[in-house]
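In: The sequence and its predicted three-dimensional model are supplied below.
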Amino acid sequence: MKKFFRFSLVLIMALALFAPTASFAQETIRVGIILPISGGQASFGEIEKNSFDIAMEEINGSGGINGKKIEFLYEDDTGRPDVARSAAEKLINKDKVAMLGGGYGSSETMAIAGVAQQNRMPFLINTGSDDKITEKGWDFVFRLNPYASEYFKGLESFLTEVVKPQTCAILYENTNFGTSQSKAFATACERLGIKVVMTEGYEKGGVDFKPLLINVKKANPDLIYMISYLMDASLLMRQSMELQLNPKMFIGGGAGFTLPEFPDNAGKASEKVMSVTLWYQSLPYPGALDYFTKYKERFKKNTEYHGAEAYSAAYVIADVLKRAKSLSPDDIKEALLATDMKTCFGPVKFVKVGDKINQNVLPTYVMQWIDGKGELVWPKEGAGKPYVYPVNWQKEWK
Amino acid sequence: MGNTFNWRKIPWAKVLSVAFLVLFPLLVDSDYYRHLFIIALMWVVIGSSWNLLSGYTGQVSFGHAIFFGVGAYTAGLFTTKLSMSAWWGMLLGGPVSLLVGIVIGWICFRLRGPYFALATIAIGEIFRQVAENWISFTEGMQGILIIQTFRSKIPYYYLALGLAIACVGTIALVLRSKWGFYFIAIREDQDAAEALGISSYRYKSLSLMISSFFTGLAGAFYMNYMAFIDPQVVFSLHYISIMAILVGIIGGVGTIWGPAVGAFIMVLLQETFRSSFYGLVPRWVSEAHVLVFGLLVIFVIRYMANGMVGDWPKIQQLWSRPKAVSSPSVSGN
Amino acid sequence: MQELIQALVAGVLMGGIYALIGIGMTLIMGVMKIINLAHGELMMVAMYITYVLAQYFGLDPYFSLLIAMPSLFIIGVLIQKYLLNPLLKVDSILPENQVLMTVGVGMVLTEVMRFIFQADFKSVKTSYSSTAFYLGTISFNLPMVVAFGIAVALTICLFYFLLKTDVGKSIRATAQNKEAALLMGINAEKITVMTYGLGASLAAASGTLLLPIYYLFPSIGGPFTLKAFVITMLGGMGSTVGAIVGGVVLGVAESLGATYIKMGLKDSVAMFIFLLVLIFLPGGLKRLTKV
């Protein structure tokens, strides 16, 4: 009887696999959310997932979507674009979600957006910021957050009015986010008359950034602009302190520099470091401070712009699903296009800007780590605290 | 119910398996499962190619990501540099990868055993870093993104299946020829093979050429199917080079069908765990998806040195009579 | 000039830690003639032990050397005894089965840690993590200097062990000529078990020393495994002196490469040197110096 053994094993395996996935009556509307829940970017994924969770409970607590409950199905992209792609395929084809959300890393977001567009599945991005994502003419892809080359828009006036640097060094992590923002920043510097004396990428996860910083020290720029995720940001600042670099200002390009874990890891080296940011709890947006306190109460941790992006994306999704004529992808897309709402992350409206379509446009800000707390310092109107400039680094690092 | 394994009946199982694979997308109307099978079939190609060089010719490569990546980038560069379709990569990905293979063979075949393995790791890492940093040529970590040609999975499925059959078929044919004997002779004892007048460099190179050709094709297919590549994905030591080895080991090093079986086990096992048995068990189980695969690898190496296919008779005995112990000598397929 | 000196200092200090990783690997490779691809993962396990001790028991990382090293010795012994040695008796097609087993072991260690501690970064904050002292304008990172010092001290102890004790002599004999050693009545199984344990505990030491200056995540091991075998090949298999020189050479080469060529290609510099050594100087520095 052994002749069929091997074959029957294959058959059993196949049967076990294809056991019909029950498609019970839809009491809930499912939305797929793809985030890096594990892997090197897990700290960001965690903030975003927590924020989605808070929003989901609130939405369902106040009546849900026209009587139905909303359910976020999380998929972990582990920080790898190929995994993100498979996750998107699974959510669309197997879980039959109504639409997609999430998208953290630029590469992963790009991969998901490709799948979404091809399957004509609406996808609302809340973090992935590579400019190109909304430049492809993909009409099912919408982006809530500003794109990479807008990240430092709020910083520009700070540079021209306050710091007035002559020279600048740009250090960036060699990833999609890092390269695209560094390119954009270099162009902006040229426009502002700042000479870029050094642009260098590094491989994330390095132990020793000294070789890089030695060159920075030699070039002695007025401004050091760094685009890094959490641990690299901390090490870069710690080692800058050790080598006693002395620029007019250290500025981070968002990401790692705004996380509450940054001062934890960098210690006093984080003090007075600035970063561009997309959001701050004191901004006059409805519910901004409310969200911040709720998050802090529940998770005993601070949140920052990534969380706000996720939280308001959840509300945009709920709003869109409420307004959509049906749950068909085309109707949801139409509803997305008609979006005009105020969220805690700012007003949301998807418009065409230059080559980009379905792009939300928001101002960006500058924050500074003052006495271990992230404070909004620029523009002056919204600032929670006056900026500290000039900074005597030797004194800060004592 | 004799203990002897009836070899005559194997083709039956093989034919039925292939028939099942051919009919699969028609039987299962789910793009999700089709996707999993496409990935598994791609791994059949990579695993089998690795197996030809390492399992049959004895040159354990830790650098198959080089060929995979070169194939994928050949396809990708057609779109970014020449504004042509990435499908041209299916034509040229293999040959380009083969040329790279020749050069790497020229460097590495003077080294033996573990030294060869180490050199392939080193070259693989160099490829990855150069691809990451040579931004004007490869786009660096921004990667290359295209839009898939077909929305349906079916064309990709049959392409992958065709590739897998071509790869396994070619390897089976090669192994039946004179070359196959030379390969195995080199694996068993390189010096003795040389003494018999077999040019080890020449046959190792031939083996590497076939191996790199198919791995390159798999890479080009990946570009077309996944539509996004970056250096850390396609030149990955961990996710490509080492996975290729593990696929071979699980299925059976030095067996024709081993890597094919290994590829399906790897993809389906990982996905089963990743999705927490399709939602049947608590979600934390999904965290263990790579762990389970790792444990399986250790188990196979420890107790089934010749892999699932190589030690199949052993498994069968275990199945039918838990106490029966024998040590079947399995040599090759 | 100043940059050059600073780059050299950074390279040499890093080299001290590399050397520790390398010595463990060179012993294992010398005695067993296999590549231990789980080396970095063993180091990672030790780092988690140190992390837990520091986080939950407030133990200073340097003090946890006394716990991490013996723990890893035991883990190493178990791996060698129950997973690697049995393979010698199994008939298999590829002689590299032990190497492949270390791949599996490394993978499982990584995944177990990922399962327990999740994938996110952990770091141990010490008061001295970013303390530095200065000679002129050249900065010396304190924990790195301490790590370098401990690395040197451990190496001296190891030398004493290898030169003066019976087990040590047997290990050296096996590393130099396995067949001869077996003929002389050395119990190969016991020696391999000892060596793997020793190698693992040296990896543990390097991990523990690295923790105050770096951070920790489950898949941290891979790059360090690569560095370990680069050092081993550079210094020559089984040569402890070679490994020290190799470690420092690697540290300096990386530092200079990153400073003067390109930061992003730092690891390629190491790999390139490695290839050159493999091809043009098989046997490594040992061949030149006969140490």
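Out: The structure has been received and is ready for your questions. Numbers count the residues shown, from 1 in each chain, chains lettered A, B, ... in the order given.
In: Low-confidence ranges, the chain, go.
Out: Let's take chain A. A:1-26 (pLDDT under 70).
In: wrong one, I was asking about chain C
Out: In chain C (pLDDT under 70), the answer is C:286-291.
In: From chain B, how far off is residue A:130?
Out: 7 Å (Cβ to the nearest Cβ, to the nearest Å). C-betas here are computed from N, CA, C, even on glycine.
In: hmm, I was thinking of residue A:199
Out: 11 Å.
In: likewise residue A:328?
Out: 17 Å.
In: What count of nearby residues applies to that residue?
Out: Burial measure for residue A:328: 12 neighbouring residues, criterion other Cβ atoms under 10 Å in any protein chain shown.
In: Chain C: strands as residue ranges?
Out: Remark: strands assigned in chain C by DSSP state E are C:132-135, C:138-141.
In: Nearest to residue A:329 among those strands would be which one?
Out: Closest approach to residue A:329 among the strands of chain C is made by strand C:138-141 (55.4 Å; Cβ to Cβ).
In: Which stretch among the strands of chain C is buried most, on average?
Out: Counting by mean count of other Cβ atoms under 10 Å in any protein chain shown, strand C:138-141 has the highest mean neighbour count of the strands of chain C, with a mean of 20.
In: Sheet partners, orientation included, of that one?
Out: Within its sheet, strand C:138-141 is paired with strand C:132-135 (antiparallel), according to DSSP bridges.
In: sorry, back to before: any chance of the strands of chain C in TSV with distance to residue B:289 as columns?
Out: Listed next are the strands of chain C as TSV, based on distance: least, Cβ to Cβ, whole Å:
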stretch	distance to residue B:289
strand C:132-135	43
strand C:138-141	39
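In: can you tell which of the ones you listed is closest to residue A:100?
Out: strand C:138-141 (45.6 Å).
In: So which of the strands of chain C is nearest residue B:55?
Out: Here strand C:138-141 is closest among the strands of chain C (Cβ to Cβ), at 47.2 Å.
In: Let's see that closest one as CSV, backbone CA atoms only.
Out: Extracted in CSV, the C-alpha atoms of strand C:138-141 (Å, rounded to 0.1, in the frame of the first residue of the first chain):
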residue,chain,number,x,y,z
ILE,C,138,42.3,62.4,20.4
SER,C,139,39.4,60.9,22.3
PHE,C,140,39.4,57.5,23.9
ASN,C,141,36.0,56.0,24.7
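In: Quick check: residues of chain C near chain A?
Out: Taking Cβ under 8 Å from any Cβ of the partner chain, the part of chain C that reaches chain A is made up of C:3, C:6-7, C:10, C:14, C:114, C:118-121, C:123, C:125, C:129-130, C:132, C:139, C:141, C:210, C:213-215, C:217, C:220, C:223, C:254-259, C:262-264, C:266-267.
In: Out of the residues you listed, which end up buried?
Out: Buried by 16 or more other Cβ atoms under 10 Å in any protein chain shown: C:6-7, C:10, C:14, C:114, C:118-121, C:123, C:129-130, C:132, C:139, C:141, C:210, C:213-215, C:217, C:220, C:223, C:254-259, C:262-264, C:266-267, out of those.
In: got a list of what the residue of the stretch 151-291 of chain C found nearest chain A touches?
Out: As assessed by Cβ to the nearest Cβ, chain A sits closest to residue C:258 within the stretch 151-291 of chain C, at 3.4 Å. Neighbouring residues of residue C:258 by Cβ atoms under 8 Å, 6 or more residues apart in numbering or on different chains: A:208, A:211-212, C:265-266, C:269.
In: what about the longest helix in chain B?
Out: helix B:200-226 (DSSP state H).
In: wait, is residue A:361 part of a strand?
Out: No: counting by DSSP: H, G, I helix; E, B strand; the rest coil, residue A:361 is not found in a strand; it is coil.
In: and the closest residue to it other than its chain neighbours, bridged to which residues?
Out: Once flanking residues are discounted, residue A:361 sits nearest to residue A:353: 5.9 Å by Cβ to Cβ, 6 or more residues apart in numbering or on different chains. For residue A:353, the beta-bridge partners under DSSP bridges are residue A:356.
In: Let me know the distance separating residue A:353 from chain C.
Out: For residue A:353, the distance to chain C - Cβ to the nearest Cβ - is 32 Å.
In: cool, and residue A:234?
Out: Counting by Cβ to the nearest Cβ - residue A:234 and chain C are separated by 8 Å.
In: residues touching that residue, list them.
Out: By Cβ under 8 Å, 6+ apart, the contact set of residue A:234 is A:256, A:262, A:265-266, A:269-270, C:123, C:215.
In: Among the residues you listed, name the ones in helices.
Out: Per DSSP H, those map to helices at A:262, A:265-266.
In: dump the residue contacts of the spatially closest residue to residue A:396 that is not a sequence neighbour.
Out: Closest residue to residue A:396 in three dimensions, ignoring its sequence neighbours and counting by Cβ to Cβ, 6+ apart: residue A:271, at 4.8 Å. Counting by Cβ under 8 Å, 6+ apart, residue A:271 touches A:263, A:369-372, A:396-397.
In: ok, the residues you listed vs chain C, which is closest?
Out: residue A:397 (8.8 Å).
In: Can you classify residue A:366 by secondary structure?
Out: From three-state DSSP, the assignment for residue A:366 is strand.
In: do the same with residue A:146
Out: Applying three-state DSSP: residue A:146 is coil.
In: Next, count neighbours for the residue lying closest to it once chain neighbours are set aside.
Out: Distances taken as Cβ to Cβ, 6+ apart place residue A:362 nearest to residue A:146, at 5.4 Å, with adjacent residues excluded. Close neighbours of residue A:362, defined as other Cβ under 10 Å, add up to 19.
In: Pop out the phi and psi values for residue A:362.
Out: The phi and psi values for residue A:362, taken as degrees, to the nearest 10, are phi -140, psi 150.
In: Would you check that it makes contact with residue A:343?
Out: No: between residue A:362 and residue A:343 there is no contact under Cβ atoms under 8 Å: 10.1 Å.
In: Between the two, which contacts overlap?
Out: Common neighbours of residue A:362 and residue A:343 (Cβ under 8 Å, 6+ apart) do not exist.
In: about what we covered before: mind listing what the residue nearest to residue A:146 touches?
Out: A:145-146, A:278, A:345-347.
In: mind checking how far residue B:318 is from residue B:95?
Out: Distance of residue B:318 to residue B:95, given as Cβ to Cβ, to the nearest Å: 45 Å.
In: Tell me where the model's unsure across the stretch 1-150 of chain B.
Out: Across the stretch 1-150 of chain B (using pLDDT under 70), the flagged ranges come out as B:1-10.
In: Please pick out the residue of chain C most distant from its centre.
Out: residue C:136 (32.3 Å; Cα atoms, centre = their mean).
In: ranges for the strands of chain B?
Out: Using DSSP E, strands in chain B cover B:144-145, B:228-229.
In: Need the residues that contact the last one.
Out: By Cβ under 8 Å, 6+ apart, the list of residues contacting strand B:228-229 from outside reads A:81-82, A:85, A:107, A:110-111, A:114, B:72-73, B:76, B:143-146, B:222-223.
In: coming back round to it: is chain C contacted by the longest helix of chain B?
Out: No: counting by Cβ under 8 Å from any Cβ, chain C has no neighbours in helix B:200-226; the shortest distance is 14.5 Å.
In: helices or strands next to that helix in the packing?
Out: Helix B:200-226 is packed against helix B:31-50, helix B:64-82, helix B:88-108, helix B:154-176, helix B:178-188, helix B:190-195, with contacts defined by 3 or more Cβ pairs under 8 Å, 6 or more residues apart in numbering or on different chains; DSSP states H and E.
In: what about dumping the CA coordinates of the shortest one to CSV?
Out: Okay, so that is helix B:190-195. The C-alpha trace of helix B:190-195 is given here as CSV (Å, rounded to 0.1, in the frame of the first residue of the first chain):
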residue,chain,number,x,y,z
GLN,B,190,38.6,15.5,-5.9
ASP,B,191,42.2,14.2,-5.9
ALA,B,192,41.1,10.8,-7.1
ALA,B,193,39.0,12.4,-9.8
GLU,B,194,41.9,14.4,-10.9
ALA,B,195,44.1,11.3,-11.0
